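Colleague: mind looking at a prediction? Sequence and model below.
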Amino acid sequence: AVVVAVAKGAEGLVLAPGSEAVDEAFDGKLADILTTLGATGAQDEAVKVPAPAGIKAGLVLAVGLGAEAEDGGYDAEALRRAAGTAARTLHGSKKAAFALPVADADAVEAVALGALLGAYTFTAFRSEAAKADAKAPLGEIAIVGGKRGDKAAKAAVERATVIAEEINRTRDLINTPPNDLYPASFAALVQAAGKENGLKVEVLDDKALTKGGYGGLLGVGGGSARPPRLVRIGYTHPKARASLAFVGKGITYDSGGISLKPAGHNETMKCDMSGAAAVFGAVLAAAKLGLQVNVTGWLALAENMPSGSATRPGDVLKMYGGKTVEVLNTDAEGRLVLADAIVRAGEENPDVIVDVATLTGAMMIALGSQTFGIMANQDEFREKVFAAATAVGEPAWPMPLPKHLRKGMDSSTADIANMGERMGGGLVAGLFLQEFVGEGIAWAHLDIAGPAFNEGGPFGYTPKGGTGTAVRTLVELAERAAAGELV
């Protein structure tokens, strides 16, 4: 197949740069043919046309970019989505040439990343017969239009490949069923990847967690037959000028515990470890890219189950570092495991801590299913994280941490309760986490509850199921820190 791009012009469909040779093969009538077939150039649109004589491929696929760019220079996210749409549409094809607008290396990277993410499939748990019957993902991608031997374009493709590999690794972990992915097996995967990439990995099992006083992880994981883990994976560079700590919520399955989730809310709770998966993928990407920065990932892994040994509403947990928490709702468990990991991460005195978590349904109510919220203890740092997310095309929005909401977590029994006011629940969770950040450390909290798992149909380069949200933002933060632009 040959892929070209079209857009919505002021007077109808227009061909985007890169499609000239294909249009010539259609005697200059490609736009008219596509319009006749109903194409409008809208974002995520895909229209197939049999290729005419003169084109070796049998199929031409036109994908929409959305509104026409006045200067012909389409933004990176439009190119990523168009390439992703093309790759998804071409499942079952062996090869495709992408003749999209690639005016510079950034555009090449966007097309490569979108195509690699759009070609993603997850078939690990299907039978061999089912795999044989299903269409294979697009096998080979060629990006045409650039200069042969262009070193910048080659580097762009290599970078896109690394990012795509780690986003797709993250997606695989999120999509893996909880009977196969649990704290110990997740930790083993991190150890294997760390060994493969020359990274130091430390795993604290339940005995080490007990000895160390990690009351949050032990309290949340106490109801499961599969005990919790705290995993540290570290990447260092000899020329690093900054150190970043990424902390991920890794609830491999969330039943709600004793505060059991109602029917209809359990079926997708294998995705509650999306934050830990994103942190894992981001650290590996930073290492593969050789970024001049130190990045440490902390994965707080537990399974939240109801049983005779589970934490009860009303129990008080002594967290790592000594602070006590009254548990009013065992389904507010993510903040408990994160709190332990944030305190431990802070002991290494990183320049910044960024935690990532599918933390609250309240954030989904506030921002919908495709946007994550950003909270921070410094306004300037929150804006830097927002700028990084925006730059890589991950929808996000800065959120406040109103001081008046803190009072709702006052406890007559412990230092703090794990629940506060119902209204503004996502912000309350952020305020809770802030209590565990070490003095003088810039901290941000990414609540990815909405975009981490796509329950609807696929779109652009985003599949149904695990999405890999936040990996690109974390890598961008690491790159900016390496360049001295973050701290």
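Modeller: Done, it's in.

Colleague: which residues sit in contact with the closest residue to Arg159 other than its chain neighbours?
Modeller: Nearest residue to Arg159 in three dimensions, chain neighbours excluded: Glu109, at 6.1 Å (C-beta to C-beta, 6 or more residues apart in numbering). In this view, the C-beta of every residue, glycine as well, is placed from N, C-alpha and C. Residues in contact with Glu109, defined by C-beta atoms under 8 Å, 6 or more residues apart in numbering, are 76, 156-157, 159-160.

Colleague: which residues sit against stretch 387-404?
Modeller: Counting by C-beta under 8 Å, 6+ apart, the neighbours of stretch 387-404 from elsewhere in the structure are 76-77, 80, 363, 366-367, 370-377, 382-383, 385-386, 424, 426-427, 430-431, 434, 446-447, 451, 469-470, 472-473, 475-477, 480.

Colleague: could you redo the last one with a cut-off of 7 Å?
Modeller: Under the contact criterion C-beta atoms under 7 Å, 6 or more residues apart in numbering, stretch 387-404 has outside partners 76-77, 80, 367, 370-375, 382-383, 386, 427, 430-431, 434, 451, 469-470, 472-473, 476-477, 480.

Colleague: need the contact list for Phe98.
Modeller: For Phe98, counting by C-beta under 7 Å, 6+ apart, the contacting residues are 3, 83, 86, 111, 115, 141-144.

Colleague: hang on, it is in a strand, isn't it?
Modeller: Yes - per DSSP: H, G, I helix; E, B strand; the rest coil, Phe98 lies within a strand segment.

Colleague: the longest helix anywhere in the chain: how far from the chain's middle?
Modeller: In the chain, assigned by DSSP state H, the helix with the most residues is helix 151-175. Using C-alpha atoms, centre = their mean, to the nearest Å, the distance from the centre of helix 151-175 to the centre of the chain it belongs to is 12 Å.

Colleague: for that helix, which helices and strands make contact with it?
Modeller: On a contact count with 3 or more C-beta pairs under 7 Å, 6 or more residues apart in numbering; DSSP states H and E, helix 151-175 meets helix 105-118, helix 274-289, strand 465-466, helix 471-482.

Colleague: among those, which is nearest Gly58?
Modeller: helix 105-118 (19.3 Å; C-beta to C-beta).

Colleague: looking at the contacts of Phe98, which are in strands?
Modeller: When these are checked against strands using DSSP state E, the ones located there are 3, 141-143.

Colleague: just the buried residues of those.
Modeller: Buried members of the ones in strands among the contacts of Phe98, counted by 16 or more other C-beta atoms under 10 Å: 3, 141, 143.

Colleague: save the residues you listed as TSV, and put in pLDDT and distance to Met305 too.
Modeller: TSV is the format used below for those (pLDDT from 0 to 100; distance: C-beta to C-beta, whole Å):
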residue	pLDDT	distance to Met305
Val3	98	47
Ile141	96	43
Ile143	95	47
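
Colleague: adding distance to Thr268, write these out as CSV.
Modeller: CSV is the format used below for these (distance: C-beta to C-beta, whole Å):
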residue, distance to Thr268
Val3, 32
Ile141, 31
Ile143, 35
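
Colleague: of all those, which comes closest to Ala152?
Modeller: Nearest to Ala152 among those: Ile143, at 13.0 Å, using C-beta to C-beta.

Colleague: what helices or strands is the strand or helix carrying Phe246 leaning on?
Modeller: Secondary-structure assignment from DSSP states H and E places Phe246 in strand 243-254. Strand 243-254 is packed against helix 183-196, helix 274-289, strand 294-304, helix 334-346, strand 352-357, helix 471-482, with contacts defined by 3+ C-beta pairs under 7 Å, 6+ apart.

Colleague: restrict the second one to CA atoms and write it as CSV.
Modeller: These are the backbone C-alpha positions of helix 274-289, laid out as CSV (Å, rounded to 0.1, in the frame of the first residue of the first chain):
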residue,chain,number,x,y,z
SER,A,274,-0.7,1.7,34.4
GLY,A,275,1.4,4.2,36.3
ALA,A,276,4.0,1.7,37.3
ALA,A,277,4.2,0.4,33.8
ALA,A,278,4.6,3.9,32.4
VAL,A,279,7.5,4.6,34.9
PHE,A,280,9.1,1.3,33.9
GLY,A,281,8.9,2.1,30.2
ALA,A,282,10.2,5.6,30.7
VAL,A,283,13.3,4.6,32.6
LEU,A,284,14.1,2.0,29.9
ALA,A,285,13.6,4.6,27.2
ALA,A,286,15.9,7.1,28.9
ALA,A,287,18.6,4.4,29.2
LYS,A,288,18.2,3.3,25.5
LEU,A,289,18.4,6.9,24.4
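
Colleague: could you give me the average pLDDT of it?
Modeller: Per-residue pLDDT values across helix 274-289 average out to 98.

Colleague: mind listing what's buried in it?
Modeller: 274-289.

Colleague: let me know the angle separating that helix from helix 183-196.
Modeller: 10 degrees (axes from the mean of the first three to the mean of the last three C-alpha atoms, to 10 degrees).

Colleague: contacts for helix 274-289 next, please.
Modeller: By C-beta under 7 Å, 6+ apart, the list of residues contacting helix 274-289 from outside reads 159, 162-163, 166-167, 169-170, 173-174, 190, 193, 197, 199, 233, 235, 246-250, 293, 295, 297, 299-301, 356-358, 448, 452-453, 466, 468-471, 474-475, 478.
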